[in-house]
Every structure is written in C-alpha cells, then in structure tokens.
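Participant: predicted structure and sequence below. I'll ask about it afterward.
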Amino acid sequence: MTAKKTAAKKPTGNQTAVKKTAASKSSTAAQQTTAAKPTTAVEKPAAAKKAPVRKAAPVKKATVAPKKAAAAVKGAPAAKAVAAPPKGESPTALVRRARRINRELAEVYPYAHPELDFENPFQLVVATVLSAQTTDLRVNQTTPALFAKYPTPEDLAAANPEEVEEILRPTGFFRAKTKSVIGLSKALVEQFGGEVPGKLQDLVKLPGVGRKTAFVVLGNAFGRPGITVDTHFQRLVRRWQWTAETDPDKIEAAVGALFPKSDWTDLSHHVIWHGRRICHARKPACGACPIAPLCPAYGEGETDPEKAKKLLKYEKGGFPGQRLNPPQAYLDAGGRAAPPLGAE
C-alpha cells in the first residue's frame, strides 16, 4: 500500500513535459504583456529616438537705476526694471509720483524759463510761431534783425513779404512763416487794436497760433497758467507713464488733471528743459538722470554714468543755452548766453 501510494504521487515523464511547456508559455505571455505596457518616463524604450535638446534662453538681467542716481533723489523708492510699468498703480499713486517728479525737476532746474528771447507779448507770439520745425536758438538768433526792422504789429503787418522772407530764411519754412507772422500782425491790428489778447479763445484765432503757442504766450507773457505740449513734453510724459495719449489736446487734459492749475506753466518748463538736456529722444542720458529711480523707462538710454555725462546738453553739459539774453537767474546758476547768428 505504501509503495503504491508513493508511485502514484510521482509525475510521469509526459506530465513533466506538459508542465514545462505551460511554464514556458506563461513566461512568454508575461513578457508580451510587459512589452505591451506603455513606457514610463523612467523606463524609455531603447529604440526610441532622442528628442533634440533646446538650450534655455539666457535670462536677461534687468537694468536698474544705479545707487548714485537713487541717492541724488532724497527718499527715492527702490530702482525698477527697464521699462517696467508701475503695476497696479492707482490714480492716487500716479498723482503722487508725477508731482514728486516735478518737485525733483524744480530742484534740478530752479532757473527754468521760456527759451525764447522776448521783451513783450508781441515778440513772444511771433517768436513762438517761428520756432516750429527749428530750435529756439535759431529763432533767437534771427528775431533781433526782424524786430529791429518791424518793432510793432503795425510795422510787420505792412511789411514787404520778400524782405521778411529774407530775414526768416535761417529758421526754415520761411515762406510759410512769413505768411503767418504778417497775417497774425494784420489780425492784431484789425481785430485787437494792435495788442496781443490775453485770452485763449482770442489767441487761437490768429494765423499760425494753436493751443501750444497760445499757452506759451498766456503763461509767460500774461502769467496765466497753461501747459505747453511740445514734442519734448509729449515724449517724456509717455515715458513716465503719466498718460498713454498721443493727441496733444488729450495729453494736455490728462496731465493737467494730475497737477494744480497754478503749477502748469512751471511744470511745462521743467519737463521741456529735462527733455532737451537729459532725456533726449534718441539716446537718453539715463545714467546721469536725477529722477532715474522714479522713471519706469529707465534703461532706454545710456546707463553708464561716465558715458551718460557726455550726452548732456546746454548748461548741464557745459555748453551755452539757447537764449542770447537769458534771465539773470540762469546766468547766476552757471548758464551761458548763446552766441548771435554767425558767431557760432
């Protein structure tokens, strides 16, 4: 009995073969199942092609206002990145920043004044009309001969256009300018008794006189506040993100809302002077700018202090100003009078 039971438990040769075959099939099936599974990030198939590796772009280091420039403005906030807009700046914060910039510029240019030579409202309105498409310096070098020959509106209204053209030739567009100054002189004689009116609505009726010219005259000849939106003013207020407007009238309204009316005329001088001397159109002298820490556009120009100093113009660069007869305060501050025509 014992022998029989033991014999029954031992597998035959055929059974052993069957089991081996089954085990082999099971192993093969397991291998196929494993191969069918998607490859994970760790287990990449050997035959897979390597994806091209792209080098990450180098991180551009933000240009910030130098400590020296920041120290020039007392209590200035931390320097900001190049052209980084004041994110989330509220209307109140904008007003505070704009007024702070104006205060700082007032300290830099305490002697700022209109850069056209004039002795009365008539000379100022004529000089302002002539300043279109040329420099104030060129106008100042040209008007002495004009006013010597035609000192009053009556004189210029009766002038020979060809003779006036010859005097105004250095200012460019001299034919159109001759027509404008003779025309406005006739209008002054015929409509205002030979006197320059002191109201905006009257000034803009004169030939060649727009709002910009009118505000120059009102602010500087009559002491009535006005904002002069010239090319320098437009450029700077957009760089400072006071407004995104491009139309001069809309710029005037937007900027005017940031300041009390009493500040408008001096504000115009400060901004225009800064645009002519430091914050130039093509290459601003950012490294020499006293309001760099307050400017969202810092870095658009030269940031190296030594190189930036070489870009300064007029008295900031040690050169003569634009007026032949500047105010005494300007001379006392180290400014120099411009040379007359032909003496450059």
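Facilitator: Cool, the structure landed. Residues are numbered from 1 along each chain as shown.

Participant: does V129 sit in a helix, a strand or a coil?
Facilitator: helix (DSSP: H, G, I helix; E, B strand; the rest coil).

Participant: contacts only, for it.
Facilitator: V129 makes contacts with K177, S180, V181, L184, G208, V209, T213, as judged by C-beta atoms under 8 Å, 6 or more residues apart in numbering. All C-beta spots, glycine's among them, are computed from the backbone N, C-alpha and C.

Participant: make it 10 Å
Facilitator: Residues in contact with V129 (C-beta atoms under 10 Å, 6 or more residues apart in numbering) are 139, 171, 177, 180-181, 183-184, 206-210, 213, 216.

Participant: which element is the closest residue to it other than its chain neighbours on?
Facilitator: Once flanking residues are discounted, V129 sits nearest to G208: 4.5 Å by C-beta to C-beta, 6 or more residues apart in numbering. Element membership for G208, per DSSP states H and E: none, as it lies in no helix or strand.

Participant: give me the number of residues near G208?
Facilitator: 20 (other C-beta atoms under 10 Å).

Participant: whichever of the contacts of V129 end up buried, select them in ChimeraX.
Facilitator: Those of these that count as buried under 16 or more other C-beta atoms under 10 Å are selected in ChimeraX with:
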select :139,171,177,180,181,183,184,206,208,209,210,213,216
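
Participant: may I see the contacts of V129 arranged in CSV, with distance to I291 and pLDDT as well?
Facilitator: Below are the contacts of V129 laid out as CSV (distance: C-beta to C-beta, whole Å; pLDDT from 0 to 100):
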residue, distance to I291, pLDDT
V139, 28, 98
T171, 33, 96
K177, 35, 97
S180, 36, 96
V181, 37, 97
G183, 41, 97
L184, 37, 97
L206, 36, 95
P207, 39, 93
G208, 34, 92
V209, 32, 95
G210, 29, 93
T213, 28, 95
V216, 24, 96
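
Participant: do you know the pLDDT at K87?
Facilitator: K87 carries a pLDDT value of 76.

Participant: for it, which three-state class applies?
Facilitator: Relying on three-state DSSP, one would call K87 coil.

Participant: burial measure for G287, as a count.
Facilitator: 22.

Participant: where's it relative to R276, distance?
Facilitator: 18 Å (C-beta to C-beta, to the nearest Å).

Participant: regarding the closest residue to G301 other than its chain neighbours, what are the backbone dihedral angles?
Facilitator: Excluding the flanking residues, the one nearest G301 by C-beta to C-beta, 6+ apart is P284, at 3.1 Å. P284 has phi and psi values of phi -60, psi 150 when expressed as degrees, to the nearest 10.

Participant: residue contacts, P284?
Facilitator: If you count contacts by C-beta under 10 Å, 6+ apart, then P284 has 235-236, 239, 274-275, 278, 292, 295, 297-303, 308, 311 around it.

Participant: let's go with 8 Å and repeat that
Facilitator: Shown in contact with P284 (C-beta under 8 Å, 6+ apart): I278, A297, E300, G301, E302, L311.

Participant: I'd assumed D117 was in contact with T143.
Facilitator: Yes: judged on C-beta atoms under 8 Å, T143 makes contact with D117 at a distance of 6.5 Å.

Participant: between those two, what contacts are shared?
Facilitator: In contact with both T143 and D117: Q123, A127, using C-beta under 8 Å, 6+ apart.

Participant: low-confidence ranges, the stretch 51-200 of the chain, go.
Facilitator: 51-85 (pLDDT under 70).

Participant: just the strands from it, written as ranges.
Facilitator: Applying DSSP state E, counting those that start in this stretch to the stretch 51-200 of the chain gives no strands.

Participant: what ranges does it have for its helices?
Facilitator: Taking DSSP state H, counting those that start in this stretch, the helices of the stretch 51-200 of the chain run over residues 67-72, 91-108, 121-130, 136-149, 153-157, 161-168, 174-192, 200-203.

Participant: what's the first helix or strand after the shortest one?
Facilitator: In this case it means helix 200-203. Using DSSP H and E, the first helix or strand after helix 200-203 is helix 211-221.

Participant: mind listing what's buried along the helix or strand just after that following helix?
Facilitator: The first helix or strand that comes after helix 211-221 along the chain, using DSSP H and E, is helix 231-239. Going by neighbour count (16+ other C-beta under 10 Å), the buried part of helix 231-239 is H232, F233, Q234, R235, L236, V237, R239.

Participant: stretch 237-246 now?
Facilitator: V237, R239, W240, Q241, W242, T243, E245.

Participant: next, the contact list for the residue nearest the centre of the chain, please.
Facilitator: In the chain, the centroid-proximal residue (C-alpha atoms, centre = their mean) is R239; its distance is 2.7 Å. Taking C-beta under 8 Å, 6+ apart, we find R239 in contact with C279, C295, P296, A297, E300.
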